[in-house]
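Visitor: 3D model of this:
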Amino acid sequence: MSEHFTTVHHTEGVRCRTEEEGNFLLYHPKTDQLHIVTSSGKAIFDQCDGKEIDEVVHLGGKLLLQESDHTEEVLRSSVLSFLQELNRRNLIEFG
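Guide: Predicted coordinates:
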């Protein structure tokens, strides 16, 4: 992925609110859509502040490694898929 895109950042205007049971609600005012993410998803979303995609994937993999018995390689793949889904939902942008 990094060969096509360099950085990742929040889409302008996206807001976040804490919900019950450790979940977070991401709201995109331009699309008027709500998206629920877990605390891990929120932590990964927070890393999308202009960092290089490879760094976000690495940090997200390390974060998930603390909560899982999967290999770091599998978890990094999961983080990349999560970032692609956030992008598909217009919550983050690749640059």
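Visitor: And what about the residue most central in space within the chain, helix, strand or coil?
Guide: When the chain is reduced to its mean C-alpha position, the closest residue under CA atoms, centre = their mean turns out to be residue 45, at 3.5 Å. The three-state label for residue 45, taken from DSSP: H, G, I helix; E, B strand; the rest coil, comes out as helix.
Visitor: Quick check: it vs residue 17, distance?
Guide: Per CB to CB, to the nearest Å, residue 45 is found 13 Å from residue 17. For every residue, glycine as well, the C-beta is placed using N, CA and C.
Visitor: Next, show the common contact partners of the two.
Guide: Jointly contacting residue 45 and residue 17 under the rule CB atoms under 8 Å, 6 or more residues apart in numbering are residue 24.
Visitor: Pull up the gap between the most far-flung residue of the chain relative to its centre and residue 62, please.
Guide: Among the C-alpha atoms of the chain, the one farthest from their average position, using CA atoms, centre = their mean, is that of residue 69, at 20.4 Å. Plainly put, residue 69 is 15 Å away from residue 62 if you go by CB to CB.
Visitor: now residue 71
Guide: Plainly put, residue 71 is 12 Å away from residue 62 if you go by CB to CB.
Visitor: Residue 45 now?
Guide: Between residue 45 and residue 62 the computed distance is 16 Å (CB to CB).
Visitor: What is the neighbour count of residue 84?
Guide: 13 (other CB atoms under 10 Å).
Visitor: pretty sure it belongs to a strand, no?
Guide: No. Going by three-state DSSP, the assignment for residue 84 is helix, not a strand.
Visitor: Alpha carbons of stretch 58-72, as PDB, please.
Guide: Provided in PDB are the C-alpha atoms of stretch 58-72 (Å, rounded to 0.1, in the frame of the first residue of the first chain):
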ATOM      1  CA  HIS A  58       3.300  -1.000  12.700                       C
ATOM      2  CA  LEU A  59       2.000   0.800  15.700                       C
ATOM      3  CA  GLY A  60      -1.500  -0.700  15.300                       C
ATOM      4  CA  GLY A  61       0.000  -4.200  15.000                       C
ATOM      5  CA  LYS A  62       2.000  -3.600  18.300                       C
ATOM      6  CA  LEU A  63      -1.200  -2.400  20.000                       C
ATOM      7  CA  LEU A  64      -3.200  -5.400  18.900                       C
ATOM      8  CA  LEU A  65      -0.400  -7.800  19.800                       C
ATOM      9  CA  GLN A  66      -1.000  -6.900  23.500                       C
ATOM     10  CA  GLU A  67      -4.600  -8.100  23.100                       C
ATOM     11  CA  SER A  68      -4.200 -11.100  20.900                       C
ATOM     12  CA  ASP A  69      -2.400 -14.400  20.400                       C
ATOM     13  CA  HIS A  70      -2.000 -13.900  16.600                       C
ATOM     14  CA  THR A  71       1.300 -13.100  15.000                       C
ATOM     15  CA  GLU A  72       2.300  -9.500  14.500                       C
END
